[in-house]
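J.: Give me a model of this one.
(chains A and B)
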Amino acid sequence: MNAKDIAPWQLASAYLLLILPLTVILWYRIPILGQTALAVLRMTAQLVFVGLYLQVVFELNNLWLNLAWLSVMVIVADVSVARSCGLRLTRIALPLFAALLLGAAAPMLIFTGLILRCESLMDAQYAIPIGGMILGNCLRADIVGIRTFYSSIRTSEKSFHNSLAQGALLHEAVRPFITDACQSALAPAVATMATIGLVSLPGMMTGVILGGASPFTAIKYQIAIMIAIFSGTSVTVTLGIRLTMRSAFNHYGLLKESIFKDGGES
Amino acid sequence: MAGSDDIALLAQDLSLAFDTGAVLEGFSIEISGGQKILMTGPSGCGKSTLLKCFLGLVVPKSGSIAVAGQPLTPATVWSLRRQIAYVTQEPDLGLGNVRQIVERPFHYRANTHLPNYFERLNELMDLFGLGSDLRDKDVSRLSGGEKQRIALTVAMTLDRPILLLDEPTSALDVRSRRTLSQYLQSRTDLTALVVTHDTGNFTFADNIVHLQARVAGDSE
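T.: Sure thing, here's the model as predicted:
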């Protein structure tokens, strides 16, 4: 371990920095004081729990425990995407789980197996942080992509129906909407790749440097993780849309209102 | 009386409920091949919804629909839509420029049997006064009349035996109305069901159906 440890009292001093945003919130009477306090408490509690849990996971480095932990992360991402997209969890949970699992697992396994050449593909030290980074980015991209896809079909119903009336099969009628959704979902990742290193030092690179590695080793990790994230997001967004479509459209090719949380049952 | 093979559109004992609170119950209509039928009625009485029923874009509460002699079901809807060309009221053409929009449907598998569509499309666009300078214009910048004429030219180029038109002249100028009227009159083989308030423009129609839905709760 090359990174300096932080003593509890030293960490407590980090909370002093909160004086700055709290001053802004109070001065301008921004109505998010309660939310902010809750968010800081949740962040602390969640990270303390994860830290303790990962300590155990890393020490045991058991394949099944690692798989279980990654599965929990996928389930949490699954619920989070469905909620943020305004879709009914019961209708899309399973296909979305499959999309997230495949989209995050494939680049993670290539990272640990092909790039890092780890002895075990599921080595906790690598699989969990790398899987988590990929999944976190997939989650953000899926929310944008899936929400854009379903909401634009709903708001452009006339244009979508027009395509069906012109003889389009379902996959032909949804194609422009998938293109639009994927563009919205992938654009932030493309923009990040284009500006990385210039605007900010990315998280993984910072972590590797703090861990004691040379900046050149750090950039190699960063390049590989950026590509893995981009691959993962493209797979989860397209798969997420494609797989959820099966329960979102009826046999006439019409979007079911019942998949939306604010839609009626059908 | 036409034989069942010759019936292009058939609705039997149809019941529909609309967002306006109106309901249409026990509605039936039979349109033979080649007939031109006009449909009138007050706003919100379900004329547009009825057209959508023939395309499987609205599923009625009860009753049955048949197109070209075949019952409309989840299994047949995809092939039966290929029998019908449809122009909606105030068409939403989607995103892109005019060229992309007019060409898009001809890339669908259902329409790849129309290899000479481009010539026919240009011919009809000229007929409806849609100049070549319009082709690269974004559809969001088109007027309502231009959108309606584009939708009509695409529908006609699809060369389907049945035409469903929803207020097709609402944004058209006198010249375009005349062009549409002449086109429909000249195509004796074409079956057309036209929702319109402008019956004077379609004097050649075989029949006029007046639709009257009732408000839920009314005894009549």
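
J.: Number of residues surrounding A:Ser120?
T.: 14 (other C-beta atoms under 10 Å in any protein chain shown). All C-beta atoms are positioned from the backbone trio N, CA, C, and that covers glycine.

J.: Please save the CA atoms from stretch B:35-43 in PDB.
T.: Extracted in PDB, the C-alpha atoms of stretch B:35-43 (Å, rounded to 0.1, in the frame of the first residue of the first chain):
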ATOM      1  CA  GLN B  35     -65.700   2.800 -53.900                       C
ATOM      2  CA  LYS B  36     -65.000   6.300 -52.700                       C
ATOM      3  CA  ILE B  37     -66.700   7.000 -49.400                       C
ATOM      4  CA  LEU B  38     -66.700  10.300 -47.500                       C
ATOM      5  CA  MET B  39     -67.100  10.400 -43.800                       C
ATOM      6  CA  THR B  40     -68.300  13.500 -42.000                       C
ATOM      7  CA  GLY B  41     -69.400  14.200 -38.400                       C
ATOM      8  CA  PRO B  42     -68.700  16.700 -35.600                       C
ATOM      9  CA  SER B  43     -65.200  17.000 -34.100                       C
END
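
J.: Buried residues, it. List them.
T.: Residues of stretch B:35-43 classed as buried by neighbour count (16 or more other C-beta atoms under 10 Å in any protein chain shown): B:35-41.

J.: so which of those comes closest to chain A?
T.: Distance to chain A, by C-beta to the nearest C-beta, is smallest for B:Met39 among the buried residues of stretch B:35-43, at 17.4 Å.

J.: My guess is that closest one contacts B:Asn207. True?
T.: No. The pair B:Met39 / B:Asn207 is not scored as a contact, 9.6 Å apart, by C-beta atoms under 8 Å.

J.: Can you read off the pLDDT for B:Asp126?
T.: B:Asp126 is assigned a predicted lDDT (pLDDT) of 90.

J.: A:Gln55 and A:Ala124, how far apart?
T.: Separation of A:Gln55 from A:Ala124 (C-beta to C-beta, to the nearest Å) stands at 11 Å.

J.: could you say what helices and strands the longest helix along chain A packs with?
T.: Criterion DSSP state H: the longest helix present in chain A is helix A:215-248. Here helix A:215-248 touches helix A:89-110, helix A:124-155, helix A:175-195, helix A:203-210, going by 3 or more C-beta pairs under 8 Å, 6 or more residues apart in numbering or on different chains; DSSP states H and E.

J.: How about the residues of chain B by chain A?
T.: Chain B has residues B:52, B:55-57, B:59, B:74-75, B:77-78, B:81-82, B:84-86, B:88, B:91-95, B:104-105, B:107-111, B:151, B:154, B:158 near chain A, with proximity defined as C-beta under 8 Å from any C-beta of the partner chain.

J.: what's the span of stretch B:56-71 from first residue to last?
T.: 11 Å (C-alpha to C-alpha, to the nearest Å).

J.: roughly how far is it from the heart of the chain?
T.: 15 Å (C-alpha atoms, centre = their mean, to the nearest Å).

J.: ok so, going back, which of the residues of chain B next to chain A are buried?
T.: Buried, going by 16+ other C-beta under 10 Å: B:52, B:55-57, B:59, B:77-78, B:81-82, B:84-86, B:88, B:91-95, B:104-105, B:108, B:110-111, B:151, B:154, B:158, out of those.

J.: out of those residues, which are inside strands?
T.: Under the assignment DSSP state E, those contribute B:84-86 to strands.

J.: And the strands in chain B, which stretches?
T.: B:7-17, B:22-32, B:36-40, B:62-67, B:70-71, B:84-87, B:162-166, B:191-195, B:207-210, B:214-215.

J.: for those, which one ends up most surrounded?
T.: strand B:84-87 (a mean of 26; mean count of other C-beta atoms under 10 Å in any protein chain shown).

J.: where does the chain have low pLDDT?
T.: Defaulting to chain A. A:1-2, A:264-266 (pLDDT under 70).

J.: please go with chain B instead
T.: If you take pLDDT under 70 as the line, chain B has these spans: B:1-5, B:19-22, B:213-220.

J.: Kindly recompute the last result at 50.
T.: B:1-3, B:218-220 (pLDDT under 50).

J.: now the helices for it?
T.: Using DSSP H, helices in chain B cover B:47-54, B:77-80, B:98-103, B:117-127, B:144-157, B:174-186.

J.: For my notes, confirm A:Leu11 occurs in a helix.
T.: Yes. Assessed by DSSP: H, G, I helix; E, B strand; the rest coil, A:Leu11 belongs to a helix.

J.: Any idea how many residues pack against it?
T.: When neighbours are counted by other C-beta under 10 Å, A:Leu11 comes out with 10.

J.: what's the answer for A:Thr148, then?
T.: Neighbours of A:Thr148 (other C-beta under 10 Å): 21.

J.: Against chain B, how distant is it?
T.: The gap separating A:Thr148 from chain B is 13 Å, by C-beta to the nearest C-beta, to the nearest Å.
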